[in-house]
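Enquirer: dropping the sequence and predicted coords here.
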Amino acid sequence: MKLSVRLSAFAGASALVLGAFAGAAPATAAPAAATSGTAAAPDISLTNVKQHLTDLQSIATNNGGNRAHGRPGYKASIDFVKAKLDAAGYTTAIQQFSYNGTTGYNLIADWPGGDPNQVIMAGSHLDSVSSGPGINDNGSGSAAILETALAVARAGYQPTKHLRFGWWGAEELGLVGSKYYVNNLPTTERSKLKGYLNFDMIGSPNPGYFVYDDDPVIEKTFKDYFAGLGVPTEIETEGDGRSDHASFKNVGIPVGGLFTGASRTKTSAQVQKWGGTTTAFDRCYHSSCDTTSNINDTALDRNSDAVAHAVWNLSAGTTTPPPGKVFENTADVSIPDNGAAVSTSVTVSGITGNAPSSLAVGVDIVHPYKGDLVVDLIAPDGSVYNLHNRSGGSADNIVQTFTVNASTEVANGTWQLRAQDRASADVGYISGFKLTFP
Ligand code: DTR
Ligand code: CA
Ligand code: ZN
Ligand code: ZN
């Protein structure tokens, strides 16, 4: 279950440099729009992302143990990703280049639709080093943006801006593939690229949560997401020049990205912040042990969801910002039978002033015989707003959005949903708590 904030307002929009639309022009009309211009990203399935990693692991295992530039495992990886995107309706193109006397490949995938003069691109290098399968470095980023691209297709998402995804070759040899892509992008095309998001190592086994400190709008988008999860982040200090975003930054395209750490050692202060140990963030960096067991699931899940959040919000456009900012916690909390009260919470941030007189409080409690229950909303200052007081008798569950006049409460802070079971025999749990601000 995940705790999340889902922005449906495009936070802190500012005009980013116009970018280039260069990839295969969409050959077909966009699929029927299921949504357009909204920015509430779906949850990205960790199971699906890990399945892509399992498939990349199999490719490495079946091709000499790696997926490195110039080796059969790399081309097999490109073909694997391309097939999934073609099946999902993307317009794909493989860009060939030569390096060290061997052929390299980039994969570019365009989602049909959106303004071709405003392109948001997400990318990851797909190659590994020759010493191992490269599951964290960088199957993790490659799988996360693949699953995000597939989620866009499943949702039929039609954002204001045009979405493009890229998988780079030969990053490990010096950002070769992404440099080739950018160098072959005409200036007019580059100027349509509004932002490039880079994901290289986002599932490290002893993870930190680092955000690139490049474009401020992109940086804020990521930091707001993690703030909504209650996960502290740090600025990525070693990143400049260290991955494919550098190829785009070097020609003036706004960039950003996420990173969970490589061979550097996590400090004790960082252990306090994120857990883990004062050892390397990824002790298998560039090693043969960078396999599917070299992944921290929580980090991969959180970062995959952050990828989707950024892709949705940065492409939603700024013409008519959609209403509402949602803070949600979907963790399950058991309610002891005829026992003590329990609570779940969301941390609200980024809202100016007080909460509204019509604060939407989404409650999802699974409990036979809801007449047992007393349910309260507790504001950050401790004020109690009773939502349910043992009514409903033998009816099951409370799945309801209450409207609360919370206009005397400061919006930002930790809000709690408290539930108490005051009669024996029937037992249940809090399944979800959501606050929606206008
Ligand atoms: N160059 C990446 C790993 C890497 C090391 N430091 C950073 C900082 C930010 C992004 C990536 C990296 C690689 O080995 O693929
Ligand atoms: Ca998820
Ligand atoms: Zn690497
Ligand atoms: Zn990498």
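Expert: Sure, I can see it. In this text the structure is predicted, and so the values were computed from the model without any measurement. Ligands and ions are numbered 1, 2, ... in the order given.
Enquirer: just confirm yes or no for stretch 258-272 near ligand 1.
Expert: Yes. Using C-beta under 6 Å from any ligand atom, stretch 258-272 comes into contact with ligand 1 via 259, 262. Quick note: C-beta positions are derived from backbone N, CA and C, even for glycine.
Enquirer: need the residues that contact that stretch.
Expert: Stretch 258-272 has contacts (C-beta atoms under 8 Å, 6 or more residues apart in numbering) with 137, 140, 199-204, 206-212, 222, 234, 236, 238-239, 243, 274, 276-283, 285-286, 296, 299, 303, 306-307.
Enquirer: chain center to the longest helix anywhere in the chain, what's the gap?
Expert: For the chain, the longest helix by residue count, based on DSSP state H, is helix 297-315. The chain centre lies 0 Å from the centre of helix 297-315; the measure is C-alpha atoms, centre = their mean, to the nearest Å.
Enquirer: same for that helix, what does it pack against?
Expert: strand 3-7, helix 46-61, strand 115-125, helix 141-155, strand 161-168, strand 193-199, helix 216-229, strand 255-259 (3 or more C-beta pairs under 8 Å, 6 or more residues apart in numbering; DSSP states H and E).
Enquirer: what angle separates that helix from strand 161-168?
Expert: Helix 297-315 and strand 161-168 are oriented at 140 degrees to each other (axes from the mean of the first three to the mean of the last three C-alpha atoms, to 10 degrees).
Enquirer: now helix 297-315: mean pLDDT?
Expert: Summarised as a single mean, pLDDT over helix 297-315 is 97.
Enquirer: re the thing from before, which ones among the contacts of stretch 258-272 lie within strands?
Expert: Using DSSP state E, 199, 210-212, 234, 236 are the members of the contacts of stretch 258-272 that sit in strands.
Enquirer: in this protein, what residue is nearest ligand 3?
Expert: Per C-beta to the ion, the residue of the chain with the smallest distance to ligand 3 is D137, at 4.2 Å.
Enquirer: do you know the pLDDT at that residue?
Expert: Predicted confidence (pLDDT) for D137: 98.
Enquirer: help me confirm that it comes into contact with H286.
Expert: Yes. Counting by C-beta atoms under 8 Å, D137 sits close enough to H286 to count as a contact (6.8 Å).
Enquirer: overlap in contacts of those two?
Expert: V129.
Enquirer: pretty sure D214 contacts G252?
Expert: No. Under the criterion of C-beta under 8 Å, D214 makes no contact with G252, lying 11.5 Å away.
Enquirer: circling back: out of the helices and strands packed on helix 297-315, nearest to ligand 4?
Expert: strand 115-125 (5.5 Å).
Enquirer: ok, V342 - contacts?
Expert: Counting by C-beta under 8 Å, 6+ apart, V342 makes contact with 333-336, 418-420, 430.
Enquirer: need phi/psi at it.
Expert: phi -130, psi 160 (degrees, to the nearest 10).
Enquirer: who's it bridged to?
Expert: A419 (DSSP bridges).
Enquirer: count the residues that sit near A425.
Expert: 10 (other C-beta atoms under 10 Å).
Enquirer: what residues are up against it?
Expert: By C-beta under 8 Å, 6+ apart, the contact list for A425 reads 337-338, 369.
Enquirer: more neighbours, D137 and H286?
Expert: Between D137 and H286, counting by other C-beta under 10 Å, D137 is the more crowded of the two (29 against 16).
Enquirer: if I look at the most centrally placed residue in the chain, how far off is S293?
Expert: When C-alpha atoms, centre = their mean is applied to the chain, the residue found nearest the centroid is A306 (2.0 Å). Distance, A306 to S293, by C-beta to C-beta, to the nearest Å: 23 Å.
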